[in-house]
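Asker: Would you be able to build a 3D model of this:
(one chain, ligands or ions: 1)
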Amino acid sequence: MIGTGYVGLTTGACFAKIGHEVICVDNDSNKIETLNSGKMPIYEPGLHDIVKEMVTAHRLSFTTDIKTAVHNSTVCFIAVGTPPRGKGEPDLAYVENVAREIATSMEEYLLIVEKSTVPVQTHKWIRTTIERYNRTGTPFDVASNPEFLREGSAVNDFLNPDRIVIGVESDRASDLMKEIYKPLNAPIVITDSASAELIKHASNAFLAMKISFANALAVVCEASGADVHQVTCGMGMDKRIGPSFLDAGIGYGGFCFPKDLRAFIHIAEELGYDFKLLREVENINNEMKLRFIRKIQSVLWNLQNKNIGVLGLSFKPDTDDMRFAPSIDIIAELVHKGAHVRAYDPKAMERARKIIPGIEFCSKAEDVAEDADILLLLTEWSEFKQLDLTKLKKRMRVPIICDGRNMLKRTEIEKQGFTYLGVGR
Ligand code: UGA
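Answerer: Next comes the predicted model:
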């Protein structure tokens, strides 16, 4: 498994868990040292235990030495980053470098599998690169096996997938991939490589579209006196629509949806199609943060010198990931408008400190309420549902809660004497 980010580390550890021997490779020696010393470079529920168990069972190891890893493997997954460039097109330099290193290291048949999210047709470039740089004519196959892991539930998603998508060009590769995933006993979809690559981008784009639809609907609900939650529940009971990914709020964030949507729009453009629908999905998502700020202003009037308590910073619960978290833009705008912000997050404080300047970080959730003119809920961590509202109210200057994730029950909050603002309700 080359690349030990969220995807590579989770997938590698879980492959070991289902019975394989896995060597995880990364060129970041600090990360490999961290992992070899028994520590985790990221927080992902359940992952640390699996890593410990598998290292002890000698089924999982970590190294910076790609050559030895390739020599000792039948299948080699590429799970390195594909970060966005200027116009959103993914930077495939890491993928190419790894393909070259594999090419110069392999001595026997190798199945090379792209796990990273890549533009359609990348498998062809990987194939060409390996053919060019492997001078010994070693036989190989290239397969595409996109991941559908969600941060925060990645282990469970790996062990209980809705489907496993495998894009292959040969029976040998297909048989090997089926064998690898056999212990999961999950539905397997075999496609050609280009289709597998597109399934990944299309799935993330479609999910982002569902969220933006719910958010646009929330605006209409708010203006008409309807409740978006009730509307989406009613819609979601139709099997053709489904109930998930229809939660309105402050918009989607994280390292996948914003980046993958940009990339997919760019890929379509390169192929001669202007995917306007997806541009609008992005616009709606960006607007939700501005609307949230306007909502705060509609109750506080001026933000200059107002004390604002923020609960939740990570882009979603059960992760310490701050990448493209809506909290970053929202807090920056509040600070820009002169507000004093105190914030708390159960897991993301360390990362948040490095990227959110000019605010105070509190060690307990209740402390953000001190003299606050409003409390904002930006991530739906379950511990926020257990907060003692009476205690919070006593510490606040004005009891207003603005719930950017619609996680609290309006009637209960209002019963305790708070003014409650949700999204689309
Ligand atoms: C997403 C996909 O769900 C995974 O299938 C995929 O493998 C992954 O991207 C990836 O490409 O690597 P992830 O970004 O970890 O996973 O998190 P999600 O649970 O999908 O949430 C994404 C964002 O959407 C979060 O900010 C979340 O708060 C927001 N969201 C989600 C909503 O605003 N409303 C919803 O109804 C659902």
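Asker: Mind exporting the C-alpha coordinates of the strand or helix carrying Asp141 to PDB?
Answerer: Here Asp141, judged by DSSP states H and E, is contained in strand 140-144. Listed next in PDB are the C-alpha coordinates belonging to strand 140-144 (Å, rounded to 0.1, in the frame of the first residue of the first chain):
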ATOM      1  CA  PHE A 140       1.800  -6.600 -15.100                       C
ATOM      2  CA  ASP A 141      -1.800  -5.400 -15.000                       C
ATOM      3  CA  VAL A 142      -3.300  -2.100 -13.900                       C
ATOM      4  CA  ALA A 143      -6.700  -2.000 -12.200                       C
ATOM      5  CA  SER A 144      -8.900   0.700 -10.800                       C
END
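Asker: can you give me the strands in the stretch 151-300 of the chain?
Answerer: 164-167, 188-191 (DSSP state E, counting those that start in this stretch).
Asker: For the ligand, find the nearest of the ones you listed.
Answerer: Closest approach to the ligand among these is made by strand 164-167 (11.1 Å; Cβ to the nearest ligand atom). (Glycine included, C-beta is placed from N, CA and C.)
Asker: about what we covered before: which one of the strands of the stretch 151-300 of the chain is the most hemmed in?
Answerer: strand 164-167 (a mean of 23; mean count of other Cβ atoms under 10 Å).
Asker: I'd like to know which elements that strand is packed against.
Answerer: In this structure, strand 164-167 makes packing contacts with strand 140-144, helix 171-181, strand 188-191, helix 193-224, judged by 3 or more Cβ pairs under 8 Å, 6 or more residues apart in numbering; DSSP states H and E.
Asker: looking at those, which is buried most?
Answerer: With a mean of 24, the top stretch among the helices and strands packed on strand 164-167 by mean neighbour count (mean count of other Cβ under 10 Å) is strand 140-144.
Asker: okay, the angle between that strand and helix 193-224?
Answerer: 10 degrees (axes from the mean of the first three to the mean of the last three Cα atoms, to 10 degrees).
Asker: relative to helix 171-181, how tilted is strand 140-144?
Answerer: Between strand 140-144 and helix 171-181, the angle comes out at 60 degrees (the same axes, to 10 degrees).
Asker: check contacts around the residue lying farthest from the centre of the chain.
Answerer: Distance from the C-alpha centroid of the chain peaks at Thr136, with 39.6 Å (Cα atoms, centre = their mean). Residues counted as contacts of Thr136 (Cβ atoms under 8 Å, 6 or more residues apart in numbering) are Glu107.
Asker: Please, which helix or strand holds it?
Answerer: Using DSSP H and E, Thr136 falls outside every helix and strand.
Asker: and it, how far is that from Arg262?
Answerer: As judged by Cβ to Cβ, to the nearest Å, Thr136 and Arg262 stand 39 Å apart.
Asker: all helices of the stretch 1-150 of the chain, in order?
Answerer: For the stretch 1-150 of the chain, applying DSSP state H, counting those that start in this stretch gives helices covering 6-17, 29-36, 47-56, 66-71, 93-105, 122-133.
Asker: Was I right to think Pro243 contacts Met237?
Answerer: Yes - taking contacts as Cβ atoms under 8 Å, Pro243 lies within contact range of Met237: 7.0 Å.
Asker: Between the two, which is the more surrounded one?
Answerer: Pro243 (14 against 10; other Cβ atoms under 10 Å).
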